[in-house]
Each structure stands twice: as C-alpha cells, then as structure tokens.
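**Student:** Next comes the sequence, and after it the predicted model I'd like to discuss.
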Amino acid sequence: MITIAGAGLAGLATAYELLQRGAKVRIFEQGPGPGKASVARFAGGMLAPWCEYESAEEEVVTLGSRAFEWWAKITPVHRRGTLVMAPARDRAELTRFAKRTHGYRAVSAEEIAALEPGLEGRFTQGLFFAGEAHLDPRRALSDLSRVVTDLGAEIVYNTPAPNRVDLNCTGIKAAVPGLRPVRGEMAILHCPEVEISRTLRLLHPRMPLYLVPRGDGHFMIGGTMIESASTRAPSLRSLSELMSAAFALHPGFGEAEVVELGAGLRPAFADNLPQLVEQEGVLHLNGLYRHGFLLAPAMAQRAARYLLPEIALEEAL
C-alpha cells in the first residue's frame with residue numbers, strides 16, 4: 001500500500017500513475033471533497049507549452065507536450081489553440097513575446113476575426129498557437145478523483161495524513177526547503193453575450209493576463225503573480241486590473257456578472273519548475289505553481305517510477 005498526503009492535482013495524478021502500474025493506493029485529504037482544498041481549483045487550466053516557453057525552459061515544452069493525451073483520457077480537453085494579443089500601445093510586447101517562443105503563426109486583424117468573430121475590429125495583429133488547449137480545472141480534479149477511485153484507490157476525506165506517508169503532495173503546507181508562495185488571483189465571470197471559444201492572452205508590460213472559456217457563458221480571468229504569503233481576498237487593485245483586461249478584450253464584459261473571486265497561494269521553487277524532493281524518507285512532489293496541469297502528468301510518472309523502482313526497471317528493459 002502506497003500512502004499519499006493530499007488529494008489535489010499532484011496527489012491524484014500520481015495516484016493514477018501508481019494504479020496504472022498495479023499499486024494499491026490510499027490518499028489522505030483534509031478537505032471535504034476532490035479539489036475542494038486544492039489551490040489548483042483557481043488555475044487557468046491552460047495546456048500551453050509553447051506560450052509558456054516565453055519565460056520557461058525547453059523542458060516545459062518537452063514534458064508538457066505529453067499532457068494533451070494524458071488528460072484527454074480523463075476529462076474533456078478543448079484543443080482550440082491560444083490567441084495572444086496586445087493593445088496597439090503595447091505592440092512591442094507582442095514582438096518581444098514572439099522572439100522568445102515558437103509554435104505559433106502571426107495573424108492579422110482579419111484572421112483574428114475569423115478565429116474569434118467577437119473580437120472583430122478589436123486588435124490589428126496577434127500570435128496564434130494552434131496546438132495548444134485548455135481544460136476546466138475543477139472538472140478535471142473531480143474527473144481524476146472519480147477515475148482513481150474506480151481504479152481502486154481509497155481517498156479518505158476530512159482526514160489529516162499520518163506523520164509518515166510515502167508521498168507528500170500538500171503544496172505550500174509542506175516543509176520543503178526552497179519552496180515559496182506565489183499568490184494568484186482570479187475571477188469567474190458570466191457573460192453569455194460574449195462568445196469566445198479559446199484561451200486569450202493579453203500582453204501588458206507589467207502583468208500579462210489571460211481569459212479562458214468555461215462554457216455556458218462563463219469565463220475565468222487571471223494572471224496576477226504576487227510574491228506574498230497573504231491569504232486575504234483579492235485586492236481592489238488586482239481586481240481593477242483583471243476587470244480592465246476583460247473590458248479591453250471585449251466591451252461586452254462591462255455587463256458581466258462576477259460569479260466568483262478567488263485567491264490562492266501557489267507553491268513554487270526558484271526556477272518555477274516542479275521538483276521531486278526526498279526528505280527524511282518521504283518523497284515530495286511540489287512546485288506545480290506555473291505549469292500545474294501541463295506538467296502534472298510527467299511529474300506524476302516520475303514520482304511513480306521512484307516509488308515503484310522494480311516496475312520502473314521492467315519498463316526500462
């Protein structure tokens with residue numbers, strides 16, 4: 001029996017990989033249900049390895065490219081690409097972004113309108129990353145929980161983990177050296193008047209923002225990255241920036257209903273990449289801050305190989 005602390009993104013993904021290899025798994029979760037206490041519920045759910053390459057290592061593209069098929073076995077994945085744009089005054093940001101990444105094609109105002117008719121006349125140029133995708137984080141966590149349960153895992157909710165487990169996936173609560181909190185803030189809007197079908201990224205010199213469709217006229221907007229351990233509600237300044245970005249993308253968002261505001265502390269290491277850390281006989285999978293849903297499958301596979309070395313050897317042979 002392999003025991004795991006935390007039924008969030010990292011814990012559930014690793015449980016899935018362990019179960020695929022024939023292991024028995026028990027997960028201890030302090031929250032009341034799948035993903036209820038996980039900071040991943042505030043994530044954008046973007047599977048965007050080529051966009052992320054703008055500020056990340058090549059490893060993000062290499063490992064992240066495996067995520068599409070992995071998640072598609074578990075939850076709906078919407079492969080409609082990512083559209084990156086900037087207001088006319090920030091056109092230099094679009095040029096800078098293009099120089100630091102790949103996997104896109106430049107698009108004109110007419111092509112933007114063809115991709116997203118609701119943006120007609122709003123932007124003169126952009127970058128389209130056709131191979132990228134997005135998913136709904138909350139549904140993904142719920143679906144993943146259901147799948148691992150169906151495969152035989154035991155998830156014990158409302159229960160702290162024992163002092164000794166095989167794998168610790170408790171995020172910022174874990175005492176892992178070098179781990180720091182990065183505060184993220186988001187809003188979910190309901191605006192059925194606006195039709196957007198893919199992830200949009202709006203570049204800004206100070207804080208790029210993104211908008212992800214959630215279906216039924218709902219959209220998630222986020223992007224704040226604040227080095228802070230505060231768990232307070234989103235600040236007025238952050239909310240003003242988020243709402244201004246939504247309005248800049250489409251004036252229809254001026255009439256949107258604000259369904260939810262949220263903030264969470266996301267665990268990160270210095271290079272913003274996740275790590276496996278062995279500490280006092282316990283393996284930690286942590287640091288899924290910036291690329292959580294993108295890199296969780298690859299990191300879960302690494303953790304499973306570590307915890308089941310005999311099967312990893314068989315796979316290698």
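**Tutor:** Thanks, I have the structure now.
**Student:** so what pLDDT did residue 224 get?
**Tutor:** pLDDT recorded at residue 224 is 56.
**Student:** And for residue 294?
**Tutor:** Listed pLDDT for residue 294 reads 94.
**Student:** And for residue 313?
**Tutor:** pLDDT recorded at residue 313 is 47.
**Student:** could you pull out the helices for the stretch 201-317 of the chain?
**Tutor:** Assigned by DSSP state H, counting those that start in this stretch, the helices in the stretch 201-317 of the chain fall at 236-249, 292-307, 309-316.
**Student:** In TSV: the ones you listed, plus distance to residue 161 and mean neighbour count.
**Tutor:** In short, each C-beta sits where N, CA and C put it, glycine included. Shown next, in TSV, are the helices of the stretch 201-317 of the chain (distance: least, C-beta to C-beta, whole Å; neighbours: other C-beta atoms under 10 Å):
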stretch	distance to residue 161	mean neighbour count
helix 236-249	33	17
helix 292-307	16	23
helix 309-316	23	11
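**Student:** how about those, which one is nearest residue 35?
**Tutor:** Closest approach to residue 35 among the helices of the stretch 201-317 of the chain (C-beta to C-beta): helix 292-307, 11.8 Å.
**Student:** helices and strands around that closest one, which ones?
**Tutor:** Judged by 3 or more C-beta pairs under 8 Å, 6 or more residues apart in numbering; DSSP states H and E, helix 292-307 is in contact with helix 9-20, strand 46-47, helix 58-64, helix 67-72, strand 275-279, strand 282-286, helix 309-316.
**Student:** by contact count, what packs against the first one?
**Tutor:** Right, the one you point to is helix 9-20. Counting contacts by 3+ C-beta pairs under 8 Å, 6+ apart, helix 9-20 is packed against strand 2-5, strand 25-28, helix 137-150, strand 282-286, helix 292-307.
**Student:** Recalculate using a threshold of 6 Å.
**Tutor:** strand 25-28, helix 137-150, helix 292-307 (3 or more C-beta pairs under 6 Å, 6 or more residues apart in numbering; DSSP states H and E).
**Student:** could you give the mean pLDDT of the first one?
**Tutor:** Per-region confidence: strand 25-28 scores 98 on mean pLDDT.
**Student:** Contact partners for residue 308?
**Tutor:** Counting by C-beta atoms under 6 Å, 6 or more residues apart in numbering, residue 308 touches residue 21.
**Student:** Which parts of this structure belong to which domain?
**Tutor:** Here the domain parsing of the chain from automatic domain parsing is 1-78+134-175+272-317, 82-130+180-268.
**Student:** in the stretch 201-317 of the chain, which ranges drop under the pLDDT threshold?
**Tutor:** 205-207, 224-231, 311-317 (pLDDT under 70).
**Student:** Out of the helices of the stretch 201-317 of the chain, which gets nearest to residue 144?
**Tutor:** Closest among these, using C-beta to C-beta: helix 292-307, at 9.4 Å.
**Student:** now what about that closest one, what contacts it?
**Tutor:** Contact with helix 292-307 is made by 2, 9, 13-14, 17-18, 21, 40, 43, 45, 47, 63-64, 66-67, 70, 274, 276, 283, 285, 312, as judged by C-beta under 6 Å, 6+ apart.
**Student:** relative to helix 137-150, how tilted is it?
**Tutor:** Counting by axes from the mean of the first three to the mean of the last three C-alpha atoms, to 10 degrees, helix 292-307 lies at 30 degrees to helix 137-150.
**Student:** Next, the residues that contact stretch 10-22 from outside, please.
**Tutor:** The contact list for stretch 10-22 (C-beta under 6 Å, 6+ apart) reads 2, 4, 25, 27, 144-145, 148, 151, 153, 169, 285, 288, 296, 300-301, 303-304, 308, 311.
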